[in-house]
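Enquirer: Whatever this is, show me its structure:
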Amino acid sequence: MEREKERIIAYCLAAISLVVGIVCYTAFARTEPEEPVRILFKNAGGNVLFDHKEHLSESGYGLACDECHHDLEEEGARPDACGECHTGESDEAPKRSEVLHVQCKECHSDGGGPVDCAACHAMPR
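Expert: Residues are numbered from 1 along each chain as shown. You can find the predicted model right below:
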């Protein structure tokens with residue numbers, strides 16, 4: 001009989017701990033930042049982890065949003081995902097990877113950033 005009481009107490013404590021954990025996790029959930037910190041571009045040539053925060057911050061490169069995003073109609077607007085238009089299906093909107101290679105390499109060449117493929121791409125094994 002004593003063992004059954006201990007088991008019931010243990011189950012009750014486990015259930016209470018679970019409920020408290022769930023409440024704390026949901027009550028103090030972090031909000032999504034207005035600007036992404038990092039963006040992962042997945043591709044066959046090796047994924048690229050783009051540090052968005054470093055490119056925007058004054059202590060980093062200090063770029064303005066419209067230096068990369070051409071679709072900003074008003075200040076403070078969030079840009080569309082590049083892949084929504086840049087699918088490579090039309091001449092007006094070339095493939096995303098082509099646009100990024102031209103834009104990123106040009107800026108890196110002018111600003112002294114890395115231009116070697118392996119500097120940005122994590123080569124697949």
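Enquirer: In this structure L63 contacts L56, no?
Expert: Yes - between L63 and L56 there is a contact under C-beta atoms under 8 Å: 6.1 Å. Where C-beta positions appear, they are placed from N, C-alpha and C, glycine not excepted.
Enquirer: from the middle of its chain, how far away would the worst-scoring helix or strand of the chain on mean pLDDT be?
Expert: Lowest on mean pLDDT, DSSP states H and E among the helices and strands of the chain sits helix 82-85, with a mean of 80. Distance of helix 82-85 from the chain centroid (C-alpha atoms, centre = their mean, to the nearest Å) equals 16 Å.
Enquirer: what's in contact with that helix?
Expert: D71, A93, R96, V99, L100 (C-beta atoms under 8 Å, 6 or more residues apart in numbering).
Enquirer: Would you mind identifying the next helix or strand past it?
Expert: helix 96-111 (DSSP states H and E).
Enquirer: tell me how far that following helix is from the chain's mean position?
Expert: Distance, centroid of helix 96-111 to centroid of chain: 19 Å (C-alpha atoms, centre = their mean).
Enquirer: and what of stretch 64-74?
Expert: That offset, for stretch 64-74, works out to 18 Å (C-alpha atoms, centre = their mean).
Enquirer: buried sites along that stretch?
Expert: C68 (16 or more other C-beta atoms under 10 Å).
Enquirer: For it, list the C-alpha coordinates in PDB.
Expert: Written as PDB, here are the backbone C-alpha positions of stretch 64-74 (Å, rounded to 0.1, in the frame of the first residue of the first chain):
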ATOM      1  CA  ALA A  64      20.800  50.200 -46.400                       C
ATOM      2  CA  CYS A  65      17.900  47.800 -47.100                       C
ATOM      3  CA  ASP A  66      17.400  49.100 -50.600                       C
ATOM      4  CA  GLU A  67      21.000  48.300 -51.600                       C
ATOM      5  CA  CYS A  68      20.000  44.700 -51.800                       C
ATOM      6  CA  HIS A  69      16.200  44.700 -51.900                       C
ATOM      7  CA  HIS A  70      14.800  46.300 -55.000                       C
ATOM      8  CA  ASP A  71      11.100  45.600 -54.200                       C
ATOM      9  CA  LEU A  72      10.700  48.000 -51.200                       C
ATOM     10  CA  GLU A  73       8.000  50.400 -52.200                       C
ATOM     11  CA  GLU A  74       7.800  52.300 -48.900                       C
END
